[in-house]
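Undergrad: what would the 3D arrangement of this be:
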Amino acid sequence: AAGEPVEAHADSWWYRAQRLVARNRGVVLFSAALVTSLIVGLAATTWSYLQAERAREQSAQRFDQVRSLAKTMMFDVYDDIAKVPGTVTARAQLAGAAQTYLQTLAADAGAPLDVQLDAAQGFSRLYTILNRDAVDDADDRERAQAAWDKAHAILSHLTEQSPPMAAAWHALGALESNRAQTLLTVDSDPDAARDLLAAARARLARARQLDADNLEFAATDLTAQVRAGEIEQWSDAYAESMGVATDALAAIQAARSRWPDAVPLLVIEGDAYQVRGESAYWIDDYAQTMPDYANAIAAFETALELGGPDQAIEGKLSNTYWSRGNAHIDQSNPTAAAKDYEIATQLVQMVAARDPDDTSMARRLAILRASRAMALVNSGDGDTAIALMQKTHDWFEEQADADSETPGPQRSLAISYYMMGDIYRIA
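TA: So this is what the prediction gives:
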């Protein structure tokens, strides 16, 4: 009110701002524009960052999907369809598709170590598949070797890492051990197989040092020990082979005391008895051969009881019955031989029925039937022997007609003619 004293107040922030703008209009407008540009720039940067993060997340997600798909195709799906009859071609196509995904995984040398290990294990699996399913196919042999080379290069790099990766050491040893088996049984090169297996066993020993409680590592190492005995057998060093197999059996039985119900150890035990029995057979030591074959059969049959049907174990079991049948023949016991050949034939028939396209199984079945026919005729059952051999001869004839350019089927047919004549003569 008029005449009343004036009460002073401190300047408000709004008053000060008005005076600042009035006195410094140009500076304030410039500063406002600068702040606005900074805000817009920050928003744009944030948006770009979020977009890049989304892209990275999507890329990582796609990579994880490829990684998962490759592992699923090479291990789970392949094993499942391998149980379905008539899937040889499908399995080859699946392996080829999986190889494409594996190439994607292995393309980045700077990928995380676990991703590199996945890729290497996938290539190692591909090598095993191509060798097992089409060992006579030159193209697949070449692809198998390429897969082995890729796996070996990656795993060799991973074993140089610190701290050491037990899984990488194991995978590298297993890869070299499998390659040694191929060098032995496919390339008939025991010297090269022996050298490579020595390297493999050193790597497997390192893996077991790093992880002594791993059953898989123990089983792979023991398998390599048995293979060492097999290499000596192929080199005609039968006494040495028996010694290696005996040492392997001691190690296997020690492992079984730790893992008593482990199916893989039972199978390896059967392999060791088979190798020792086979080596004893070649030096006519039937006192060792026959018990070893019996022990091998018992181990394989127990493994099948515990683990269920398994084509690989069934194949090992049929081979052992076949080998024991041969030993019975050498001991002039054709009746016992015919029984063992019959069991071996039934086992191979089971495997062949699951995969009619697998000509290697069909050929094995034909040879087994011929062996059984010879045992039957020598045990006095000429009629059954003639009927069985005629069925076998027809198969060899079909194969020779279908492939007249390849010497293998023609040679098999010639042997079949000889056996037919022998059976008719004895009957």
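
Undergrad: which residues does L376 contact?
TA: Under the criterion of Cβ atoms under 8 Å, 6 or more residues apart in numbering, the neighbours of L376 are P334, A338, G382, T384, A385, L388. Bear in mind the C-beta positions are built from the backbone N, C-alpha and C, glycine included.

Undergrad: let's see that with 6 Å instead.
TA: By Cβ atoms under 6 Å, 6 or more residues apart in numbering, the contact set of L376 is A338, T384, A385.

Undergrad: for it, helix, strand, or coil?
TA: helix (DSSP: H, G, I helix; E, B strand; the rest coil).

Undergrad: could you do the one 4 residues further on as well?
TA: Local secondary structure at G380 is given as coil here, using three-state DSSP.

Undergrad: count the neighbours of it for me.
TA: Using other Cβ atoms under 10 Å as the criterion, G380 is surrounded by 12 other residues.

Undergrad: please apply the same query to D403.
TA: If you count neighbours by other Cβ under 10 Å, D403 ends up with 13.

Undergrad: hmm, it is touching Q410, no?
TA: No - between D403 and Q410 there is no contact under Cβ atoms under 6 Å: 8.4 Å.

Undergrad: that older thread, in helices, which of the contacts of L376 appear?
TA: Secondary structure assignment by DSSP state H places A338, T384, A385 of those in helices.

Undergrad: any chance of those residues in JSON lines, plus distance to M420?
TA: Below are the ones in helices among the contacts of L376 laid out as JSON lines (distance: Cβ to Cβ, whole Å):
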{"residue": "A338", "distance to M420": "18"}
{"residue": "T384", "distance to M420": "14"}
{"residue": "A385", "distance to M420": "10"}
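
Undergrad: need the buried ones from the residues you listed selected in ChimeraX.
TA: The following ChimeraX line selects those of these that are buried, judged by 16 or more other Cβ atoms under 10 Å:
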select :338,384,385
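
Undergrad: JSON lines please, covering the ones in helices among the contacts of L376 and showing distance to T320 and pLDDT.
TA: Converted to JSON lines, the ones in helices among the contacts of L376 look like this (distance: Cβ to Cβ, whole Å; pLDDT from 0 to 100):
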{"residue": "A338", "distance to T320": "16", "pLDDT": "95"}
{"residue": "T384", "distance to T320": "24", "pLDDT": "93"}
{"residue": "A385", "distance to T320": "23", "pLDDT": "93"}
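
Undergrad: which one of the ones in helices among the contacts of L376 is nearest to D247?
TA: A338 (35.3 Å; Cβ to Cβ).

Undergrad: now the closest one. Nearest residue, chain neighbours left out?
TA: Leaving aside its chain neighbours, A338 sits nearest to A375 (3.8 Å; criterion: Cβ to Cβ, 6 or more residues apart in numbering).

Undergrad: do Y417 as well
TA: H393 (7.4 Å).

Undergrad: and the gap between that neighbour and A373?
TA: For H393, the distance to A373 equals 10 Å [Cβ to Cβ, to the nearest Å].

Undergrad: more neighbours: those two, which one.
TA: More neighbours surround A373 than the other of H393 and A373, with 28 against 20 (other Cβ under 10 Å).

Undergrad: just checking, that one touches A385?
TA: Yes - applying Cβ under 6 Å, one finds A373 in contact with A385, separated by 4.5 Å.

Undergrad: hang on, the earlier thing: what residues of the helix or strand hosting the residue nearest to Y417 count as buried?
TA: In this assignment (DSSP states H and E), H393 forms part of helix 382-402. For helix 382-402, a neighbour-count test (16+ other Cβ under 10 Å) marks G382, T384, A385, I386, L388, M389, T392, H393, W395, F396, Q399, A400 as buried.

Undergrad: and I268, what does it touch?
TA: Residues in contact with I268 (Cβ under 6 Å, 6+ apart) are L222, T223, I252.

Undergrad: what's the spacing between the residue nearest to the last one when sequence neighbours are not counted and T320?
TA: In space, I252 comes closest to E269 once its chain neighbours are excluded; the distance is 4.9 Å by Cβ to Cβ, 6+ apart. Between E269 and T320 the computed distance is 12 Å (Cβ to Cβ).

Undergrad: neighbour-wise, which of those two wins?
TA: Using other Cβ under 10 Å as the criterion, E269 and T320 rank with T320 on top: 30 against 25.

Undergrad: now do that one, the pLDDT please.
TA: pLDDT recorded at T320 is 97.

Undergrad: tell me which residues touch it, please.
TA: Neighbouring residues of T320 by Cβ under 6 Å, 6+ apart: Q274, Y293, A296, I297.

Undergrad: what helix or strand is it located in?
TA: Using DSSP H and E, T320 sits in helix 311-330.

Undergrad: which SSE is the nearest residue to T246 once chain neighbours are set aside in?
TA: What sits nearest to T246 in space, not counting adjacent residues and going by Cβ to Cβ, 6+ apart, is R276, at 6.5 Å. For R276, the host element (DSSP H and E) is helix 263-282.
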